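Participant: Model the following, please.
(4 chains)
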2 protein chains.
Amino acid sequence: MQTYDRILVQAAALFAQQGYEAVSMRDIAQASGIKAPSLYNHFSDKQSLYRATVQSVFTQHNEQLIDVLRSSHKPLDKLKKVIYLSAVKMAEDKIFRQLILRELLQNDPEKLQFLAEKVMADTCEHFARILRELNPSADHHFTITSLMGMLLFHFQIDIMRDFLPDAQAKHHRTDYLSEQIFLLVSQRLLNQ
Amino acid sequence: MQTYDRILVQAAALFAQQGYEAVSMRDIAQASGIKAPSLYNHFSDKQSLYRATVQSVFTQHNEQLIDVLRSSHKPLDKLKKVIYLSAVKMAEDKIFRQLILRELLQNDPEKLQFLAEKVMADTCEHFARILRELNPSADHHFTITSLMGMLLFHFQIDIMRDFLPDAQAKHHRTDYLSEQIFLLVSQRLLNQ
DNA sequence: GTCTATAGGCGGATAGAC
DNA sequence: GTCTATCCGCCTATAGAC
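Facilitator: Next comes the predicted model:
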């Protein structure tokens, strides 16, 4: 792998784990196997490196998710499948999950607009198309944002689940959680 | 207000907005109307100040929420009411919301255990009691974590909602969101 | 309890050799 | 493209006067 890509990969892991301020250029350099000044041959400053990192993680994540929707089952099966695959991605891709949560904590409206329009809106549209097939008149914006909230939260709290009341082994299983989320969403959708 | 409390209030706002690493002792001192070294007469170091801040915000939040459940309506009304009041608190208390999200991004198991057992578990138990009245055999752990995920996410994304597909004015209203969350949760609960 | 002064370290970033 | 050396500012924290 080229130096440039190695930097992006290592920076993504560090920024996701520790946050922008807590990660130094020296940390990223060391993880990438170079010295800090060499980073400046690839990125003009720390902010640029961060932006490139975030964009790269989000772009990759979206590309992988879009592949899912090629198949054409019945709408309800499609919804179930896309929830399951989103859940798998959320469970696996801790870097994406933590980076998006960190970006959500940003207060800069520009960054939030970028996050919404360039990262989340595509995925939302995919969901929306399926939901409209199932019920043309329901409140899909609410359903989709609820879905994203649950997908993010359920997998983010995985490591602290057992400290919460009534946690069981099944609550650590991606298939169980995605099934329950599907049932929650689809029942409301069809009864609305 | 005494210096000590003024520091906690100002530190809470700064830590919630910018995160631990991004806030300097000078920032907190200036916001509190003193110089940085004076902070060390109240807290032994930055970490202690942060811990005290988080604990203070979470304790206050929980106390305010517990008051809600004194009234004894029918279980379904109680659920509706407690969801509404949690939603109002989430919408209003940006400092609590952002601090809890930042703590969720921590990877230190000790801090997560503290967050789960000392901050979230109480609230979970309140929810659980109501849910058990409505359906003794349902999966309440899943329902409650779903609820918390939705409550956090829906109000955290408020400022970027309009950049997402199909957003409408009603999606900025706390009463509408809490009603929809209630319907989502209660339908699943009663059909389970 | 608060201040000024300051220690000592680490941060981002640049200059210039190779 | 990568390095060593270095600048300079900000950071946490302490010493000691008032």
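
Participant: so how far is A:I130 from A:K74?
Facilitator: A:K74 is 10 Å from A:I130, where distance means C-beta to C-beta, to the nearest Å. For the C-beta atoms, the positions are set from N, CA and C on the backbone; glycine is no exception.

Participant: more crowded one of these two?
Facilitator: Using other C-beta atoms under 10 Å in any protein chain shown as the criterion, A:K74 and A:I130 rank with A:I130 on top: 20 against 10.

Participant: Run through the residues that contact that one.
Facilitator: Under the criterion of C-beta atoms under 8 Å, 6 or more residues apart in numbering or on different chains, the contact list for A:I130 reads A:75, A:78-79, A:82.

Participant: ok, so of the residues you listed, who is nearest A:V23?
Facilitator: Proximity to A:V23 was ranked across the contacts of A:I130 by C-beta to C-beta; first place goes to A:V82, at 33.3 Å.

Participant: So what touches the one helix or strand A:L177 maps to?
Facilitator: Assessed by DSSP states H and E, A:L177 sits inside helix A:174-191. Residues lying outside helix A:174-191 but in contact with it, judged by C-beta under 8 Å, 6+ apart, are A:76, A:79-80, A:83-84, A:86-88, A:91, A:131, A:134-135, A:138, A:143, A:146-147, A:150-151, A:154-155, A:170-171, B:139, B:142, B:146, B:183-185, B:187-188, B:191.

Participant: rewinding a little: now the contacts of A:I130 as TSV including pLDDT and secondary structure?
Facilitator: Supplementary listing: the contacts of A:I130 in TSV, determined by pLDDT from 0 to 100; DSSP: H, G, I helix; E, B strand; the rest coil:
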residue	pLDDT	secondary structure
A:P75	89	helix
A:K78	90	helix
A:L79	93	helix
A:V82	92	helix
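
Participant: Put the alpha carbons of the helix holding A:L177 into CSV.
Facilitator: In CSV, the C-alpha atoms belonging to helix A:174-191 read as follows (Å, rounded to 0.1, in the frame of the first residue of the first chain):
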residue,chain,number,x,y,z
THR,A,174,-26.4,-8.7,15.1
ASP,A,175,-29.0,-10.9,13.6
TYR,A,176,-31.3,-10.7,16.7
LEU,A,177,-30.9,-6.9,17.0
SER,A,178,-31.6,-6.3,13.3
GLU,A,179,-34.6,-8.6,13.4
GLN,A,180,-36.1,-6.7,16.3
ILE,A,181,-35.4,-3.4,14.7
PHE,A,182,-37.1,-4.6,11.5
LEU,A,183,-40.2,-5.8,13.5
LEU,A,184,-40.4,-2.4,15.3
VAL,A,185,-40.2,-0.4,12.1
SER,A,186,-42.3,-2.6,9.9
GLN,A,187,-45.2,-3.0,12.3
ARG,A,188,-45.5,0.8,12.7
LEU,A,189,-45.1,1.3,8.9
LEU,A,190,-48.0,-1.1,8.1
ASN,A,191,-50.3,0.1,10.8
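
Participant: Show me which positions of it end up buried.
Facilitator: Residues of helix A:174-191 classed as buried by neighbour count (16 or more other C-beta atoms under 10 Å in any protein chain shown): A:174, A:176-189.

Participant: Return the closest of those residues with respect to B:N41.
Facilitator: Compare each of the buried residues of helix A:174-191 with B:N41 using C-beta to C-beta and the shortest gap goes to A:L177, at 48.3 Å.

Participant: With A:E133 as the reference, measure out to that closest one.
Facilitator: Per C-beta to C-beta, A:L177 is found 24 Å from A:E133.

Participant: what sits against A:V9?
Facilitator: Taking C-beta under 8 Å, 6+ apart, we find A:V9 in contact with A:M1.

Participant: can you give me the helices for chain A?
Facilitator: According to DSSP state H, chain A carries its helices in the segments A:3-18, A:25-32, A:36-39, A:46-66, A:75-92, A:94-104, A:109-114, A:121-134, A:140-156, A:174-191.

Participant: Throw the ones you listed into JSON lines and include distance to B:F114, thanks.
Facilitator: Shown next, in JSON lines, are the helices of chain A (distance: least, C-beta to C-beta, whole Å):
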{"stretch": "helix A:3-18", "distance to B:F114": "19"}
{"stretch": "helix A:25-32", "distance to B:F114": "26"}
{"stretch": "helix A:36-39", "distance to B:F114": "35"}
{"stretch": "helix A:46-66", "distance to B:F114": "29"}
{"stretch": "helix A:75-92", "distance to B:F114": "24"}
{"stretch": "helix A:94-104", "distance to B:F114": "19"}
{"stretch": "helix A:109-114", "distance to B:F114": "29"}
{"stretch": "helix A:121-134", "distance to B:F114": "33"}
{"stretch": "helix A:140-156", "distance to B:F114": "16"}
{"stretch": "helix A:174-191", "distance to B:F114": "24"}
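
Participant: Would you mind finding the most buried of these?
Facilitator: Among the helices of chain A, judged by mean count of other C-beta atoms under 10 Å in any protein chain shown, the one packed with the most neighbours on average is helix A:140-156 (a mean of 23).

Participant: helices or strands next to that one in the packing?
Facilitator: If you count contacts as 3 or more C-beta pairs under 8 Å, 6 or more residues apart in numbering or on different chains; DSSP states H and E, helix A:140-156 packs onto helix A:75-92, helix A:94-104, helix A:121-134, helix A:174-191, helix B:140-156, helix B:174-191.

Participant: Settle this for me: A:M148 is touching A:A121, isn't it.
Facilitator: No - under the criterion of C-beta atoms under 8 Å, A:M148 makes no contact with A:A121, lying 11.5 Å away.
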